[in-house]
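In: return a 3D structure for these sequence lines:
(one chain, ligands or ions: 2)
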Amino acid sequence: MIVGQKEKGIFINGEWRDSYSGTVRAIINPATLEKLTEISYGGKEEALEAVEEAKAAFPSWSKKTARERSTFLYKAYEKMLENKEQLAQILTSEQGKPLTEARTEIESAASYLLWYAEEANRVYGEIIPSSKVNRRSLVIPQAIGVIAAITPWNFPASMVTRKLGPSLAAGCTVVLKPASQTPLTAMAIVKIFEEVGLPKGVLNLVSGDAKGVGEALTQSPDVRLITFTGSTEVGRELMKNSAQHIKKLSLELGGHAPILVMDDANLENAVDLTLASKFRNCGQTCICANRVYVHREIADSFVEKLAVKVKSMKIGNGIDEATVIGPMIDRNAVEKAAEHVEDAVHQGATIITGGKEWQGNLGGHFYEPTILVDVNDQMKVMNEETFGPVLPIETFDSIEEVIEKANQLPYGLAAYIMTESTNRVFQLSEALEYGIIGVNDVFPATAEAPFGGIKESGFGKEGGKEGIMEFVEMKYVSIGMTN
Ligand SMILES: NC(=O)C1=CN([C@@H]2O[C@H](COP(=O)(O)OP(=O)(O)OC[C@H]3O[C@@H](n4cnc5c(N)ncnc54)[C@H](O)[C@@H]3O)[C@@H](O)[C@H]2O)C=CC1
Ligand SMILES: O=C(O)[C@H](O)CS(=O)(=O)O
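Out: Residues are numbered from 1 along each chain as shown. Ligands and ions are numbered 1, 2, ... in the order given. Have a look, this model is predicted:
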C-alpha cells in the first residue's frame with residue numbers, strides 16, 4: 001500500500017501538522033529508490049511545542065485509572081491486528097524487509113500493546129512493616145511524567161510499541177521521534193491511537209531533523225526520561241546531553257552477537273538457527289549473529305551445510321512474497337558491509353559465498369548474503385557492528401577459549417549457545433557477559449520477557465514486568481502517627 005503524495009509527519013495535541021519552516025522530506029523505497037511520498041518534517045521548534053502539549057496532558061492522563069489507560073492500549077492492539085496487512089505493506093515499502101517478516105513484526109509490535117494493557121493494572125505499591133510504632137511507611141508508584149521516545153529504522157513498528165506500550169500504561173505522556181528513513185509506520189500507529197480516542201496531547205509525533213529534535217528533547221527539563229533505540233554512538237551523545245537536567249534514560253544500543261556452536265550441538269538445528277539469526281532483516285538487527293565461533297571438529301560440516309542454504313536464499317523486493325533477502329536501508333549500509341568484507345579478505349579471510357553487491361535490476365541497495373572463513377580477531381567484521389548480511393566464522397578448541405573470545409568486545413546485548421549439554425547451558429549462560437542469552441533459540445524478544453543489553457549495548461529493559469517500571473517512580477511516604 002503506498003500512501004498519498006504528501007503526508008503530515010507531525011502530530012501535536014491531536015492535530016496533524018505541517019512544519020513551521022514548510023520543510024518536507026521524501027520517503028524512499030530502499031528496494032527501488034522510488035519516492036513513496038513526502039512528509040512534513042520538523043525540528044527543534046515543533047519538538048518543544050510537542051513537549052509543552054505532553055506536559056499539559058500529563059496531569060489528567062496520569063490520574064486516569066490503570067484500567068482506563070489499559071482500555072486504550074487494548075483497543076489499539078485490536079486495531080493493529082485488524083490492519084496488519086496494510087501496516088505490513090507500509091513497513092516493507094519504507095524499510096525494505098520481506099513482507100513475511102513485516103507481518104511478523106506487526107504481530108510482535110501489537111503484542112507489546114496487549115502485554116502492557118494487562119501490566120498497566122499490576123504496578124503495585126507497598127506498605128512496609130514499620131520499625132517505629134508511631135510511623136507508617138508506604139511506597140506509591142507514580143508515572144515519571146513526559147517522556148521522549150526515539151526509535152530506529154530497522155523495526156519501525158515494534159521499536160515504537162515497545163516504548164508506547166509501557167509508557168502510556170504507566171501514565172506517562174509521550175513525544176515520539178521515529179527514524180527519518182521510516183516514519184510512515186510510526187505515523188500509521190499514531191493514527192490508530194487517534195482512532196481509538198486517545199486524549200489530545202497524550203501522544204505526540206515529530207518527524208524531523210535528528211539533531212534539532214534531539215537537542216530539544218535532551219535539553220528540555222520537562223522531558224523526564226528518554227527511551228532510545230539505536231547506535232551506541234548516538235546513545236553516548238544522548239547521555240552527555242541529558243546530564244544537565246539529570247534526565248533518566250533507557251538505552252537499547254548496538255550489539256555484536258556471537259553464536260557459540262559447541263561440538264555437541266544439533267548440527268542441522270545450529271545451521272538453521274544461524275541462518276535465521278544472521279539474515280533476518282538482511283542482517284540489520286541489533287541481536288543478529290555478527291560472528292560465529294564453531295568447534296573445530298564440526299566446522300567444515302557446519303560451513304558446508306550453511307553455505308548451501310545461504311546460496312538458495314532469494315534476493316529481491318520485499319513486497320514479493322518469495323523474497324528472503326531484501327535491500328539494505330541505504331547506500332551507507334551497503335558500503336559498511338562491503339568495507340567489512342574487503343578488510344577481512346585483505347587480512348586473509350576466504351569468501352565462501354557472496355562478497356559483493358547484488359546485481360539485480362531493481363535499482364536499490366542490495367548486498368549478497370556473505371559467509372567468510374579463515375577470519376581472525378583483528379578484522380573489522382569481528383569487532384565493529386556490521387549491521388548487514390555478512391557472517392564471519394571462526395573455529396575454537398576449548399570452552400575456556402570461546403568464552404574469552406565471546407566476551408572480548410565492549411558490546412553486551414545478545415549471545416547464543418548451540419549445545420545439547422545441560423551443564424554447558426548453565427556454564428556458558430553464566431559466563432557470557434550479555435543481557436540476553438539464547439540457548440538453541442535466536443529469537444528471544446517477546447513481550448513477556450525483559451529485553452536489554454549491558455556494557456556498551458546500553459541499559460534498561462523493554463518487555464516483561466520490568467519494562468513498565470522504567471516509566472514509574474517509586475515514591476516513599478513516611479507517616480508519623482499522632483497519639
Ligand atoms: N539495540 C537495538 O535494539 C538497536 C540498535 N541499533 C543500532 O543503531 C545503528 C543503526 O540504526 P540507526 O537507526 O541508524 O541508528 P541511529 O542511532 O543513527 O538512529 C536511531 C534513532 O536516533 C535518531 N538520532 C540520530 N542522531 C540523533 C541525535 N543526535 N539526537 C537524537 N536522536 C538522534 C535517528 O534519527 C533515529 O531515530 C546500528 O549500530 C544498530 O546496531 C539499531 C536498532 C536497534
Ligand atoms: O532492534 C532490533 O534489532 C530488535 O530488537 C530485534 S528483535 O528484538 O525485534 O528481535
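
In: ok, the residue nearest to the spatial centre of the chain - contacts?
Out: Nearest to the mean C-alpha position of the chain, counting by CA atoms, centre = their mean, stands residue 159 at 4.6 Å. With contact taken as CB atoms under 8 Å, 6 or more residues apart in numbering, residue 159 is in contact with 151, 152, 229. For every residue, glycine as well, the C-beta is placed using N, CA and C.

In: tell me the secondary structure for it?
Out: helix (DSSP: H, G, I helix; E, B strand; the rest coil).

In: please list which of the contacts of residue 159 also come close to ligand 1.
Out: The subset of those within reach of ligand 1, by CB under 6 Å from any ligand atom, is 151, 152, 229.

In: now, those that are in strands?
Out: Judged by DSSP state E, the ones next to ligand 1 among the contacts of residue 159 include residue 229 as members of strands.

In: who wins for most neighbours among the ones next to ligand 1 among the contacts of residue 159?
Out: Neighbour counts for those (other CB atoms under 10 Å) peak at residue 151, which has 28 neighbours.

In: tell me the contacts of that one?
Out: Taking CB under 8 Å, 6+ apart, one finds 159, 160, 163, 176, 177, 178, 179, 186, 229, 230 in contact with residue 151.

In: closest to residue 318 among the residues you listed?
Out: Relative to residue 318, the closest of the contacts of residue 151 is residue 179; by CB to CB it sits at 16.9 Å.

In: tell me the pLDDT at the closest residue to ligand 2 within the stretch 1-150 of the chain?
Out: Minimum separation of the stretch 1-150 of the chain from ligand 2 (CB to the nearest ligand atom) falls at residue 108, amounting to 6.5 Å. If you check residue 108, the pLDDT there is 98.

In: can you map out the strands along the stretch 251-400 of the chain?
Out: In the stretch 251-400 of the chain, the segments counted as strands under DSSP state E, counting those that start in this stretch are 257-261, 289-295, 350-353, 370-373, 390-396.

In: for those, which one sits closest to residue 429?
Out: For the strands of the stretch 251-400 of the chain, proximity to residue 429 was assessed by CB to CB; strand 257-261 is nearest, at 10.6 Å.

In: how many residues are close by the residue of the stretch 1-150 of the chain found nearest ligand 1?
Out: At 4.8 Å from ligand 1, residue 150 is the closest residue in the stretch 1-150 of the chain, using CB to the nearest ligand atom. The tally of other residues near residue 150 (other CB under 10 Å) stands at 25.

In: now swap in residue 66 and tell me
Out: 17.

In: show the backbone phi and psi for it.
Out: Dihedral pair for residue 66: phi -60, psi -40, per degrees, to the nearest 10.

In: just to check, it is in contact with residue 120?
Out: Yes - assessed by CB atoms under 8 Å, residue 66 is found in contact with residue 120 at 4.4 Å.

In: so what sits against both of the two?
Out: With CB under 8 Å, 6+ apart, residue 66 and residue 120 have common neighbours residue 169.

In: for the stretch 251-400 of the chain, what spans make up the helices?
Out: 267-279, 296-311, 331-346, 399-406 (DSSP state H, counting those that start in this stretch).

In: point out the residues in the stretch 201-350 of the chain that sit beside ligand 1.
Out: 210-211, 214, 229-231, 234, 237, 252-255, 286.

In: which parts of the stretch 301-450 of the chain sit against ligand 2?
Out: Residues of the stretch 301-450 of the chain lying near ligand 2 (CB under 6 Å from any ligand atom): residue 445.

In: try 8 Å this time
Out: 443, 444, 445 (CB under 8 Å from any ligand atom).

In: so residue 225 sits in a strand?
Out: Yes - under three-state DSSP, residue 225 sits within a strand.

In: in the stretch 201-350 of the chain, what residue is nearest ligand 2?
Out: In the stretch 201-350 of the chain, no residue comes nearer to ligand 2 than residue 285, which is 3.3 Å away by CB to the nearest ligand atom.

In: shouldn't that residue be in contact with residue 152?
Out: No - between residue 285 and residue 152 there is no contact under CB under 8 Å: 10.0 Å.

In: residue contacts, residue 192?
Out: 76, 79, 80, 83 are the contacts of residue 192 under CB under 8 Å, 6+ apart.

In: select from those residues the one having the most neighbours.
Out: Counting neighbours by other CB under 10 Å, residue 76 leads the contacts of residue 192 with 27 neighbours.

In: closest to ligand 1 out of the contacts of residue 151?
Out: Relative to ligand 1, and with distances defined as CB to the nearest ligand atom, the nearest of the contacts of residue 151 is residue 230, at 2.7 Å.

In: that closest one touches residue 237, doesn't it?
Out: No - using CB under 8 Å, residue 230 and residue 237 do not qualify as a contacting pair, with a distance of 10.2 Å.

In: more neighbours: the two, which one.
Out: Each of residue 230 and residue 237 has its neighbours counted (other CB under 10 Å); residue 230 has more, 22 against 15.

In: residue contacts, that one?
Out: With CB under 8 Å, 6+ apart, residue 230 has these contacts: 150, 151, 152, 179, 252, 253.

In: picking that back up, which SSE is the residue of the stretch 1-150 of the chain closest to ligand 2 in?
Out: Residue 108 belongs to helix 99-119 when assigned by DSSP states H and E.

In: nothing else from me, thank you.
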